[in-house]
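Participant: The sequence and its predicted three-dimensional model are supplied below.
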Amino acid sequence: MGRLFYIMGKSATGKDHVYRELLKDAELDLSPLVLYTTRPIREGETDGKEYHFTDEAGLERLRREGRIIEERVYQTVYGPWYYFTADEGQLDLDSRDYLGIGTLESYRRLLEHFGQEIMVPIYIETEDGLRLERAMKREKKQNPPKYDEMCRRFLADGVDFSEEKIQEAGITRRFFNNDRPLTEVIAEAKEYILQIHAQDVHPRD
């Protein structure tokens, strides 16, 4: 039985970089779980890589076909943006391990769908001041920058990733990305995944 390693963290914690590096590591041999979104594609993103970019009509089609595993909607300053996980036949958890990335809410819903035997959380944490600096630097590169949406998301993260919700999700292991090179965070996460592979029983944390 395969496992789904799921990376989470507030915005600007470096989780996207961790995801990309782990995904291309041949030793781990992980397949990507690519989520779907109706939000506009950002500068530097590629459809089918970071997300499957679609619209609300595409989301409705997948709903009708019964392919939605979980979905969330965020009321942004640009209107509602949907994020969701869909199975269009690309998942083979009988023989493959997957790597996904998303929110705490999406993890909890996937946990309900797949169970603890499948799901393995990888929670990335960064001090809020550092996150804000990194978010601002990243947003400046967008054309045009959406600072209002960046601020909304930053504040929403405090609610979405509250300590109470983290504990309710059963997450105890954290990978800190503060005052050390991101390569060390990636190496720590890789070692954790290899440890899980080496165990006969799926851990509960």
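Facilitator: Ah, there it is.
Participant: What residues are bridge-paired with the closest residue to Leu59 other than its chain neighbours?
Facilitator: Excluding its sequence neighbours, the residue lying closest to Leu59 (C-beta to C-beta, 6 or more residues apart in numbering) is Tyr82, at 5.6 Å. C-betas here are computed from N, CA, C, even on glycine. Judged by DSSP bridges, the bridge partners of Tyr82 are Val73.
Participant: Compute the number of surrounding residues for Val159.
Facilitator: 8 (other C-beta atoms under 10 Å).
Participant: Which helix runs longest in this structure?
Facilitator: Ordering each helix of the chain by length in residues (DSSP state H) puts helix 182-198 first.
Participant: any idea of the mean pLDDT in it?
Facilitator: The pLDDT scores in helix 182-198 average 96.
Participant: Equivalent analysis for stretch 159-167, please.
Facilitator: 95.
Participant: what comes up buried for it?
Facilitator: Residues 160-161, 166 are the ones in stretch 159-167 that count as buried (16 or more other C-beta atoms under 10 Å).
Participant: Disregarding flanking residues, what is the spatial nearest neighbour of Phe114?
Facilitator: Nearest residue to Phe114 in three dimensions, chain neighbours excluded: Leu4, at 6.3 Å (C-beta to C-beta, 6+ apart).
Participant: Just the pLDDT for Glu125.
Facilitator: At Glu125, pLDDT is 97.
Participant: Now the phi/psi pair for the nearest residue in space to it that is not next to it in sequence, please.
Facilitator: Using C-beta to C-beta, 6+ apart and skipping residues adjacent in sequence, the residue nearest Glu125 is Arg174, 4.9 Å away. In terms of degrees, to the nearest 10, the main-chain angles of Arg174 are phi -130, psi 150.
Participant: Extract the residue ranges of this structure that are flagged as low pLDDT.
Facilitator: Low-confidence segments of the chain (pLDDT under 70): 200-205.
Participant: picking up where we left off before, look at the residue nearest to Phe114 and say how many residues are nearby.
Facilitator: Leu4, neighbours per other C-beta under 10 Å, totals 23.
Participant: One more: Leu59?
Facilitator: When neighbours are counted by other C-beta under 10 Å, Leu59 comes out with 19.
Participant: any chance you could map the strands in this structure?
Facilitator: Ranges of strands within the chain are 4-8, 31-32, 36-37, 52-53, 68-76, 79-86, 98-102, 119-125, 174-176, based on DSSP state E.
Participant: Out of those, the one nearest Asp16 is which?
Facilitator: strand 98-102 (6.9 Å; C-beta to C-beta).
Participant: Identify all contacting residues around the closest one.
Facilitator: 2-8, 15-16, 19, 22-23, 28, 30-33, 35, 83, 85, 91, 110 (C-beta atoms under 8 Å, 6 or more residues apart in numbering).
Participant: Tell me which strands that strand pairs with, and in which orientation.
Facilitator: With DSSP bridges as the test, strand 98-102 pairs up with strand 4-8 (parallel), strand 31-32 (parallel).
Participant: If I take the first one and helix 182-198, what angle do their directions form?
Facilitator: The reference is to strand 4-8. When axes from the mean of the first three to the mean of the last three C-alpha atoms, to 10 degrees is applied, the directions of strand 4-8 and helix 182-198 differ by 150 degrees.
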